[in-house]
Each structure stands twice: as structure tokens, then as C-alpha cells.
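[1] I need the structure of the sequence given here:
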Amino acid sequence: MRSGQVALEKYVITKTLTKPPEAYPDAKNQPHVQVALRLKQSGYSTGCSAGDTVPYIICCEQGISSGSSVGIAQRARHPDELKRDDGKWMIDIEYYLSQQIHPVVSRLCASIEGTSPERLADCLGLDSSKFQSKSSEAIRNDSSSSFLFAVDDEER
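    Next up is the predicted model:
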């Protein structure tokens, strides 16, 4: 991903508009709504109505770190916008690794002894300190998860 060998299409996230984009009260927090509003403002009418599926890619501005204070909704771009923007925006690889790949890989590997969210983050080239989890001992002492360590099926 970091070497640019993954096709643009692999980063596309899609979400369906359930109502006209102008009708969302929290539009500023929803990437697909922001993209639809921008497309409408640019004169596009297709793909911007209730029931339409909006494709988008999470980006960061060239030269600005992906950890900036700008929310993901403001950083979402339609694939066509990204293709014609003359390099102003680039795919936010850190976002995809930390928010799309790491959570899935962590869940898949959770039962494998010797793995942890921190270790997996490190393998993905992410800052592992951002993925620290409770130790096994802390989890065992947490009464809300005691059913996980029950002795038999009846007790569980």
C-alpha cells in the first residue's frame, strides 16, 4: 500500500444515501453525504439522490499528515475527484491501515496465541502504542467479562 502498488479502486468505500444529501442533519460527519453535496455543487445530478450509492476514498492533502484535525468526512473524495485533482489529494494509507485493515485482522487473530493488537499494528507499520489493549490479567479481573472464563458451558 505504501509503495503505491494497490489500485485506486481497492480503496473505494461505498455507502447508500437514505435521503437527499441536503436532508442529513449531521452531513458534516458523513463522508458519503459530503461527497454527494460536493458532486451536486459541481453540477452532477446522478449519484446524488436518495437511494444512490456514493463511492468515496479517504484522502489527505499532499504535504499534510493524515493525523490532522480535519475529520474523515471532509477528507472523503469521489474517485473521479481524486483522478482529476492534479495531485492535491492523496490516499490516506494510514487511515486504511488503522481503521479498515487493523480492526479486521485483530479480530481474526484474537484467538491466536502470541498475537495482540499492538503486535499486529507494528507488523502493519503503525504506531503500536495507539493499539494497546488490556492485559489478559486485567480482563480476567474485570467482572463484566467473567463469563469468558467460565469453567463449563452451564456457568458460561
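[2] C-alpha only now, for contacts and for neighbours.
    OK.
[3] any idea how far residue 119 lies from residue 112?
    Distance of residue 119 to residue 112, computed by C-alpha to C-alpha, to the nearest Å: 12 Å.
[4] So which of the two has more stuff around it?
    residue 119 (18 against 10; other C-alpha atoms under 10 Å).
[5] what's that one sitting at in phi/psi?
    phi -60, psi -40 (degrees, to the nearest 10).
[6] That one: what's it in contact with?
    residue 128 (C-alpha atoms under 8 Å, 6 or more residues apart in numbering).
[7] Give me the three-state assignment for residue 58.
    When classified by DSSP: H, G, I helix; E, B strand; the rest coil, residue 58 comes out as strand.
[8] hang on, isn't it packed against residue 72?
    Yes - under the criterion of C-alpha atoms under 8 Å, residue 58 makes contact with residue 72 at 6.5 Å.
[9] Which one's more surrounded, those two?
    Neighbour comparison, residue 58 and residue 72: the larger count goes to residue 58, with 26 against 21 (by other C-alpha under 10 Å).
[10] measure that one to residue 42 for me?
    Between residue 58 and residue 42 the distance is 19 Å, computed by C-alpha to C-alpha.
[11] And residue 9, by the same measure?
    Distance from residue 9 to residue 42, by C-alpha to C-alpha: 22 Å.
[12] Residue 15: which element?
    strand 13-16 (DSSP states H and E).
[13] Counting by contacts, list what that strand packs against.
    Where contact means 3 or more C-alpha pairs under 8 Å, 6 or more residues apart in numbering; DSSP states H and E, strand 13-16 is packed against helix 31-41, strand 53-61.
[14] Which pLDDT value does the model give the residue nearest to residue 48 when sequence neighbours are not counted?
    Using C-alpha to C-alpha, 6 or more residues apart in numbering and skipping residues adjacent in sequence, the residue nearest residue 48 is residue 36, 5.1 Å away. Residue 36 is assigned a predicted lDDT (pLDDT) of 95.
[15] how about residue 36, what does it touch?
    So residue 36 contacts 21, 47, 48, 54 (C-alpha under 8 Å, 6+ apart).
[16] Would you confirm that residue 111 belongs to a strand?
    No - under three-state DSSP, residue 111 falls outside any strand and is assigned coil.
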